[in-house]
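Colleague: Have a look at this prediction, sequence included:
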Amino acid sequence: MIELQGIGRTYARPTGEPVRALDGVSLRIDRGELVAIVGSSGSGKSTLMNVLGLLDRPSEGRYLLNGEDVSGLDVNRQARLRNAKIGFVFQTFHLLPRTSALENVELPLLYSDRASIKGLARRALESVGLADRIDHRPSELSGGQQQRVAIARALVNDPDLLLADEPTGNLDARSAGEVMALFADLNKAGRTIVVVTHDAGVAARCGRIARIENGRIVEEAR
Amino acid sequence: MSTTRLVRNSLRAMARFKLRSGFMMLGSLIGVAALTLVLSIGKGAERKILATVRQIFGASSIVVFSGGGRLMGGPHAGASRLTLADVEDLARDLPAVEAWDPQQAMRTVVRSGDASATARVLGDSERAERVWDRGVSTGEYFDAAAVAGSARVALIGETVARELFGDEDPLGAEILIGSVRFRVIGILERFGTDVHGMDRDDEVVVPISTAMRRLMNVDTIRAAKLLVKDPSRVEETAREVKRLLRERHAIAPGQPDDFTVITSLQVQQMVGRVQRVLFLFLPLVAGISLAAGGVVAASLMLASVSERVGEIGLRRAVGARPLDIQLQFLLETAVTTLGGGLGGLVLGTAVARIVARRMGLEGIVSWQAVVLGILAAAVTGLLAGVVPARRAARLQPADALR
């Protein structure tokens, strides 16, 4: 489903040498996989995640999503693809403050082509076990609950691909376990999931691990 | 994608952030309120000045004051040599003069029973009704016979009537001016406050002859107003008036006049100067107030946008196009600037009404202020709200989310 061919990403810096965050990464992820991308901080794993999610443009290489080269698409077509095909889960949740769980989950639907969005957000919240929290604001929810709202938001448009960037980084062990169990269930139901993490425990629960160092994939293990 | 969905959602989001939306409104509210206030008061003052000048001088008239000095300068004491005969002869010798009225004035106490008031007492001829364009609202003006016979009849202004008689009808009542008994035969038409801030309803008008002989015991007059038939001949006639008066008063060449002649043209020129100052000054003050409001609004909006770069990044990540983000901020800016503008309009108008009433001005809502204020608020909102939001929307989402 995903094929990266020789992806490089170079950041210009106002002072000093440009930074080469990704250096010729090639990676293949098939439909239905649960893949962990691991590495220390500064290894380039977040940049890789941003490229996979069309949040950043590679400086070189090709990115094939469902067989289509998407790295060169214009901003509007990329936005459309993110909306319909990709769901994001962030370390810091990125929920809108003062806004109910339901309205947070509805956010991607605002930008969707769907004729009717009725009931979708409510069903997504039910699927992550938060049916009784739909009117709560983020400040009224625990960290684990907030991350589950974010997961419901990522799922609401039924995307092909779920991208999670350190999804357990801000959670206690129990909430982290719940989130990973949720990912395992979603994966069992056929969802393709990529988790970026530096937590070996989290990585161990994934079907495949790709290790990245200095912008290169150095090891792949099953 | 559904624009109505996005619009509804944006409005709900604004309602959730009441303080932020309120602050954004505050900038345009302050600017528009100040602008409305300044321009309304300015226009009211301008209209008042013009109305008073028209009433005093009309289209084509000459006013002769006894005493030298300059327009707007103080009169020279001890030079009161203007007499009724002077003006009578002028009017006879100058065919361009179609009507004239002599005037004498004093401030004195006016009494009725136990009530007393200090009023400006004017002596005029029966022609004053036409020459000064001010008649009576009730009762009758005194006639030529009353002037010839030095009749003790008086016309009183509304303020005097209120102070002496309260709610009672003053017509036919007796009043004492100084120690002389007069009968009230009319109420002067309402005038209001003049440009000097003087209440022109605090006046009593009596026949000029009565004023000179019985009240003041003088044989000179303070001023006279001459109406000229043909407006194009006013200046020429004024020169003739000067020449004839110097001749009659036997003033040697090189000596200053012992009278002052003012024409409606000179007054118009003076009013023009005043207007130019107003036209220059008012927009300046209004501009400053708008700029102040604009800076407030701009900084609040800039802060709001930079605080929300993360939100913009998130919206982009879940599928918003840059255009969707711009639409949202455009909408927020439109709602806040228009809301603030309308609030400012209401506030500015209300304050302008109060101030106008206190200053005795007409309350005028200046539509220029409305248009200019809302326009300026919109431009500020665009520059400070939409432009930075547009820049944030064009960032790579990954950068906006950081």
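Modeller: Arrived safely, thanks for sending.
Colleague: Name the nearest residue to the closest residue to chain B within chain A, sequence neighbours excluded.
Modeller: Closest residue of chain A to chain B, Cβ to the nearest Cβ: A:Asn83 (2.4 Å). Just so you know, the C-beta spots here come from the backbone N, C-alpha and C atoms, and that holds for glycine as well. When the adjacent residues along the chain are set aside, A:Asn83 lies closest to B:Gly319, with 2.4 Å between them (Cβ to Cβ, 6 or more residues apart in numbering or on different chains).
Colleague: cool, and A:Gly144?
Modeller: Distances taken as Cβ to Cβ, 6+ apart place A:Ser175 nearest to A:Gly144, at 2.9 Å, with adjacent residues excluded.
Colleague: For A:Ala181, see how far away the one you found is.
Modeller: 11 Å (Cβ to Cβ, to the nearest Å).
Colleague: which residues does B:Phe57 contact?
Modeller: Residues near B:Phe57 by Cβ atoms under 8 Å, 6 or more residues apart in numbering or on different chains: B:Val63, B:Ile262, B:Ser264, B:Val267.
Colleague: ok, so what distance separates it from chain A?
Modeller: Distance of B:Phe57 to chain A, given as Cβ to the nearest Cβ, to the nearest Å: 65 Å.
Colleague: which residues of chain B fall in helices?
Modeller: Along chain B, the stretches classed as helices by DSSP state H are B:3-16, B:18-57, B:84-93, B:128-131, B:144-148, B:158-165, B:208-210, B:234-248, B:264-307, B:309-317, B:322-359, B:367-381, B:387-394, B:397-401.
Colleague: Is it possible to get a markdown table of those helices that adds mean pLDDT?
Modeller: A markdown table is the format used below for the helices of chain B (pLDDT from 0 to 100):
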| stretch | mean pLDDT |
| --- | --- |
| helix B:3-16 | 86 |
| helix B:18-57 | 80 |
| helix B:84-93 | 92 |
| helix B:128-131 | 91 |
| helix B:144-148 | 94 |
| helix B:158-165 | 93 |
| helix B:208-210 | 95 |
| helix B:234-248 | 91 |
| helix B:264-307 | 79 |
| helix B:309-317 | 93 |
| helix B:322-359 | 87 |
| helix B:367-381 | 78 |
| helix B:387-394 | 84 |
| helix B:397-401 | 90 |
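Colleague: where does the stretch 301-402 of chain B come near chain A, residue by residue?
Modeller: Proximity of the stretch 301-402 of chain B to chain A, by Cβ under 8 Å from any Cβ of the partner chain, involves residues B:310-311, B:314-324, B:394, B:396-399, B:401.
Colleague: which residues does the residue nearest to B:Arg152 when sequence neighbours are not counted bridge with?
Modeller: In this structure, B:Arg152 finds its nearest non-sequential neighbour in B:Phe182, 4.7 Å apart by Cβ to Cβ, 6+ apart. Listed by DSSP bridges, the beta-bridge partners for B:Phe182 are B:Ile175.
Colleague: burial of B:Phe182, as a residue count?
Modeller: Counted by other Cβ atoms under 10 Å in any protein chain shown, the residues lying close to B:Phe182 total 25.
Colleague: Also the one 3 residues further on?
Modeller: Other residues near B:Ile185 come to 21 when the count uses other Cβ under 10 Å.
Colleague: confidence score at it?
Modeller: Note for B:Ile185: predicted pLDDT of 96.
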